[in-house]
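1. Predicted model follows, preceded by the sequence.
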2 protein chains.
Amino acid sequence: MGRQLKLGAVLMGVGGPGQHDVWRHPEIPGDASVDIRWYIARARQAEDALFDLVFIVDSQFITPDSPPHYLNRLEPLTLLSAVAVHTTHIGLVGTLTTSYNSPFNLARRLASLDLISGGRAGWNVVATGDGGTAANYSRDEHYDYPSRYGRALESVQVCQGLWNSYEEDAFPRDPETGVFVDPSKQHRLDHVGEHFHVRGPLNIVRSPQGQPVIFQAGDSDEGRDLGAAVGEGIFTHAPTVEQGVAFARDLRSRARAKGRNPDEIVIMPGISPVIADTDEEARAIEADARLNKDFAKTLAQFGRPFGWHDFSRYDLDAPFPELGDLGADSFRTQADRIKQVARDEGLTLRQTVHRFSTATPAPFVGTPTTVADRIQEWFEAGALDGLNIHVTVPSDFARFTDEVLPILRDRGVVRSAYEATTLRGNLGLPIPRNTHAVARERRSHLIGA
Amino acid sequence: MGRQLKLGAVLMGVGGPGQHDVWRHPEIPGDASVDIRWYIARARQAEDALFDLVFIVDSQFITPDSPPHYLNRLEPLTLLSAVAVHTTHIGLVGTLTTSYNSPFNLARRLASLDLISGGRAGWNVVATGDGGTAANYSRDEHYDYPSRYGRALESVQVCQGLWNSYEEDAFPRDPETGVFVDPSKQHRLDHVGEHFHVRGPLNIVRSPQGQPVIFQAGDSDEGRDLGAAVGEGIFTHAPTVEQGVAFARDLRSRARAKGRNPDEIVIMPGISPVIADTDEEARAIEADARLNKDFAKTLAQFGRPFGWHDFSRYDLDAPFPELGDLGADSFRTQADRIKQVARDEGLTLRQTVHRFSTATPAPFVGTPTTVADRIQEWFEAGALDGLNIHVTVPSDFARFTDEVLPILRDRGVVRSAYEATTLRGNLGLPIPRNTHAVARERRSHLIGA
């Protein structure tokens, strides 16, 4: 068995960015984004198709113009905990920001989900992009860019330290002797860093996978460095196979430079495949979906990387406006790229919005065989280790699971059965040893030598 | 149907304070406190007995001497969310501290549990007592007593404000018109207070019970004021029926003074009943349990209200030591009461530890009829509106549900069927209206008049 493609399902309920009208589909209940039964049903659909994970995105700042799914959504860890006890094998990856959560609470809630699910938790580490979020958390200003990424890295390090609070055999629980805990195997962290100081120990044991899997999605230079430093799964967007390959090379090379094994990183771009009986039909569906989008809502969403800037004030058919450093404190990389492309290619505002509001990368549109071919091509080229499918309409998702995946399974590209009951086991990631136990072994080895 | 007794089950897994040896019982798995199946099974046991709620206590600071359940436990909201999707009627009350959580996150996670459970969430609002907790949250010192209670009250007010972010009919979700949200029914909070400023809106709708039920357990003057101001359920400890009556009167009178309806408060003392075939046998079991307690662990636990002060350094049979203001920044009321009783009665340290480490209030020990009689007596005297049963050994709990409750049910003291599927519905508490909708109605009434 060679390397196999990993599969994630992004559960977007009533529709995220660029999907302002998805909720009108008859298969989607209007309250899907707050209906736990909808999430459980989608997670089971993905588990039946042997997916590695479901992935829940998140945000904490809305305006009336936010996408439907953002306006009204369940909090990721309460959501995933409920899904955990109605599934058995699929990984449960939640987005939690390090900008507005303390590391002790993050470590604890993630460890709790990891135990509840029997070792299937993952954490998509984000540094909040929406500057407006600060006002929900008693802060006059959002953290600046370096602080956001500094806090993110240090938060992960603190969590991983706290997840070492108990060695694997810290609880003898011997009814004969009455010894419940071995105090020598409970460890304080005593972390003192630039952004946090955390004593520990954490009040929860390790799970069957040792600790939750760390995911990361930022694409800026700082984001890539964070992913290279601590990311075990990387969510990204790859517009072309070449860009996917270049991204994967860059990320693995950064990881190698940080002393990590680059093979212990799973890169999973997001895609929204459009599948039909003929390639022509699929292309028509995709074009039609793009045309039917409510332009006013698309324009509102386009403002997000620029701090939800209101673009409706500009002439749509005039050259893309001069924005100065707008966006520098929100989604900077994305804002900079949009500005540069618009300038370099001399686009109007309308053209720029169309260019950057395409939800579907073109190559994944066609018959099941076409889509399977493209996926295999990208996989074999090294543009991806796995895929993250955006799930809204259940029957669209079923076309992917029931028509595309069997082709890839026949070719040996995707699994025919789960390898493990933990997320690490299925992703092929190692289970990290408890650092204190390792140190103890080293000491006793030195004494024995 | 007159007023009926409400029932709560405190799920203590492997044993909390004063229960250092409970985990050795053959019916309790050593990892019960982190085994979600254990919690689901206990919640179902309570739901089968028509309990109003299960209650999860919490803490974030441990030492090797902490009680077994504290050393290793699931985080309350991930735990309750998993229980929610395996139960249908029982309320789910989680302890969350306002000292080390931001109100926006509290409001969101509780609202999420409330939706996941179909309107069964409750929040036990606590101001962290253990001073050592500060060091887990990047603070050099714990908040002082007034700040802790100020933050608690303001946190609840912010949460209740955020829970009004959407009016009941804010989401038309009309596929014909394409209108998903009515922007005029989404409301910012723009709270600016002493401890927090929070803009809002919250990104989640109201649940079938409007908003989570607020519980409170502090017994100090500040704690009682907080309970009187915002508590809808009050957890307490009543050593005698007279003290229970006095507490209930005091609390309701404080609530009345704050302009609240004192009948909209449910007072539920905690009890650990000891049930046997004869009263003598039950008393012997209770005495035996007290004698068999590991005294060193009891002594360590005794230090908790004094900031986990180490009492093993004193002569056990000398007079209770002079402690100055030790405990003033932890569980002050409890520490002060212990100091005063020891001084007034001239107790030794050993006598004081025995006096204050009794887990079981004496009156609830005896045959099922004796225990039922006492409960009814306390209930009719107005010492309680409900009970909070500490659940560890499942068969002990079953004696209560299967032998005591049927007696009370025959007498009409407890329900024979759930009245509702929401926690508010079962507790007889009103569903709070959305304040913006009420204001809108008042305005249109004025215009119409």
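-> That came in fine, so what should we check first?
2. Which residues outside the helix or strand bottoming out on mean pLDDT in chain A are in contact with it?
-> The weakest-scoring helix or strand in chain A, judged by mean pLDDT, DSSP states H and E, is helix A:295-302 (a mean of 80). The contact list for helix A:295-302, computed with C-beta atoms under 8 Å, 6 or more residues apart in numbering or on different chains, reads A:17, A:18, A:20, A:65, A:67, A:308, A:310, A:311, A:312, A:353, A:356, A:357. Placement of C-beta: from N, CA and C, glycine included.
3. Could you double-check that residue A:231 sits in contact with residue A:264?
-> No: under the criterion of C-beta atoms under 8 Å, residue A:231 makes no contact with residue A:264, lying 10.0 Å away.
4. the more surrounded of the two?
-> Higher neighbour count among residue A:231 and residue A:264: residue A:231, with 28 against 14, using other C-beta atoms under 10 Å in any protein chain shown.
5. contacting residues for that one?
-> A:125, A:214, A:215, A:216, A:265.
6. same question, residue A:254
-> A:224, A:225, A:227, A:228.
7. Could you rerun that using 6 Å?
-> residue A:228 (C-beta atoms under 6 Å, 6 or more residues apart in numbering or on different chains).
8. Out of the contacts of residue A:231, list just those in strands.
-> A:125, A:214, A:215, A:216 (DSSP state E).
9. okay if I get these as TSV plus distance to residue B:158, pLDDT and neighbour count?
-> Converted to TSV, those look like this (distance: C-beta to C-beta, whole Å; pLDDT from 0 to 100; neighbours: other C-beta atoms under 10 Å in any protein chain shown):
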residue	distance to residue B:158	pLDDT	neighbour count
A:125	27	97	24
A:214	32	98	23
A:215	31	98	27
A:216	31	97	28
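10. Touching, residue A:161 and residue A:188? I think so.
-> No: Residue A:161 lies out of contact with residue A:188 (C-beta atoms under 6 Å); the separation is 9.8 Å.
11. Looking at these two, which one has more neighbours?
-> Neighbours per residue, other C-beta under 10 Å: of residue A:161 and residue A:188, the larger number sits with residue A:161, 21 against 16.
12. List the contacts of the nearest residue to the more buried one once chain neighbours are set aside.
-> Take residue A:161 and drop its neighbours on the chain: the residue closest to it by C-beta to C-beta, 6 or more residues apart in numbering or on different chains is residue A:189, 4.5 Å away. By C-beta under 6 Å, 6+ apart, the residues touching residue A:189 are A:161, A:162, A:198, A:200.
13. Keep the ones in strands among the contacts of residue A:231, but drop any that are not near chain B.
-> Checked against chain B using C-beta under 6 Å from any C-beta of the partner chain, the ones in strands among the contacts of residue A:231 give no members in range.
14. Can you tell me which of those is closest to chain B?
-> residue A:125 (16.5 Å; C-beta to the nearest C-beta).
15. distance of the nearest residue to the closest one once chain neighbours are set aside from residue A:144?
-> Once flanking residues are discounted, residue A:125 sits nearest to residue A:216: 5.3 Å by C-beta to C-beta, 6+ apart. Distance of residue A:216 to residue A:144, computed by C-beta to C-beta, to the nearest Å: 20 Å.
16. same check, this time on residue A:304
-> 19 Å.
17. Pick out whichever of the two has more residues nearby.
-> residue A:304 (22 against 11).
18. Please report the distance of the more buried one from residue A:128.
-> On the measure of C-beta to C-beta, residue A:304 and residue A:128 end up 12 Å apart.
19. repeat for residue A:172
-> 42 Å.
20. quick one: which of these two has more around it?
-> Neighbour tally, residue A:172 and residue A:128, criterion other C-beta under 10 Å: the higher count belongs to residue A:128, 24 against 14.
21. Next, find the distance separating the more buried one from chain B.
-> 12 Å (C-beta to the nearest C-beta, to the nearest Å).
22. my guess is that residue contacts residue A:101, does it?
-> No: counting by C-beta under 6 Å, residue A:128 sits too far from residue A:101 to count as a contact (9.9 Å).
23. Give the burial count for residue A:190, as a bare number.
-> 12.
24. Just give me the neighbour total for the closest residue to it other than its chain neighbours.
-> Excluding the flanking residues, the one nearest residue A:190 by C-beta to C-beta, 6+ apart is residue A:199, at 5.9 Å. Residue A:199 has 19 neighbouring residues, counting by other C-beta under 10 Å.
25. tell me the phi and psi of residue A:199?
-> The phi/psi pair for residue A:199 (degrees, to the nearest 10) reads phi -80, psi -50.
26. Surely it touches residue B:134?
-> No: judged on C-beta under 6 Å, residue A:199 makes no contact with residue B:134 at a distance of 8.8 Å.
27. To which secondary structure element is residue A:9 assigned?
-> strand A:6-11 (DSSP states H and E).
28. what does that strand rub up against?
-> With C-beta under 6 Å, 6+ apart, strand A:6-11 has contacts from A:39, A:42, A:46, A:51-55, A:266, A:268, A:385-386, A:388-391.
29. That one pairs with which strands, parallel or anti?
-> Paired neighbours of strand A:6-11 in the sheet (DSSP bridges): strand A:53-56 (parallel), strand A:386-391 (parallel).
30. Spell out which residues sit in contact with whatever residue of the stretch 251-400 of chain A ends up closest to chain B, please.
-> Nearest residue of the stretch 251-400 of chain A to chain B (C-beta to the nearest C-beta) works out as residue A:294 at 7.0 Å. Under the criterion of C-beta under 6 Å, 6+ apart, the contact partners of residue A:294 comprise residue A:20.
31. and it, backbone torsions?
-> Backbone torsions for residue A:294, taken as degrees, to the nearest 10, come to phi -70, psi 110.
32. Distance check, it against residue A:356.
-> Taking C-beta to C-beta as the measure, residue A:294 falls 16 Å from residue A:356.
33. same thing with residue A:343?
-> For residue A:343 relative to residue A:356 (C-beta to C-beta), the value is 14 Å.
34. Show me which of these two is the more surrounded one.
-> residue A:356 (17 against 13).
35. correct me, but residue A:317 touches residue A:348?
-> Yes: counting by C-beta under 6 Å, residue A:317 touches residue A:348, with 5.1 Å between them.
36. Tell me which of the two has more neighbours.
-> Taking other C-beta under 10 Å, residue A:317 and residue A:348 do not tie; residue A:348 has more neighbours (16 against 9).
37. check contacts around the more buried one.
-> residue A:317.
38. could you pull out the strands for chain A?
-> Counting by DSSP E, the strands of chain A are A:6-11, A:53-56, A:91-97, A:121-126, A:191-192, A:197-198, A:213-216, A:233-236, A:266-271, A:274-275, A:365-366, A:386-391.
39. So the longest one, near chain B or not?
-> No: legend: contact between strand A:91-97 and chain B by C-beta under 6 Å from any C-beta is lacking; minimum distance shown is 10.0 Å.
40. about what we covered before: the strands paired with strand A:6-11 into TSV, with extra columns for distance to residue A:439 and mean neighbour count?
-> Formatted as TSV, the strands paired with strand A:6-11 follow (distance: least, C-beta to C-beta, whole Å; neighbours: other C-beta atoms under 10 Å in any protein chain shown):
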stretch	distance to residue A:439	mean neighbour count
strand A:53-56	32	28
strand A:386-391	34	24
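41. Where among these is average confidence lowest?
-> Lowest mean pLDDT within those: strand A:386-391, at a mean of 93.
42. what about that one, distance to the chain center?
-> Counting by C-alpha atoms, centre = their mean, to the nearest Å, strand A:386-391 is centred 10 Å from the centre of its parent chain.
43. How about stretch A:279-298?
-> 26 Å.
44. Please apply the same query to stretch A:9-29.
-> How far stretch A:9-29 lies from its chain's middle: 18 Å, per C-alpha atoms, centre = their mean.
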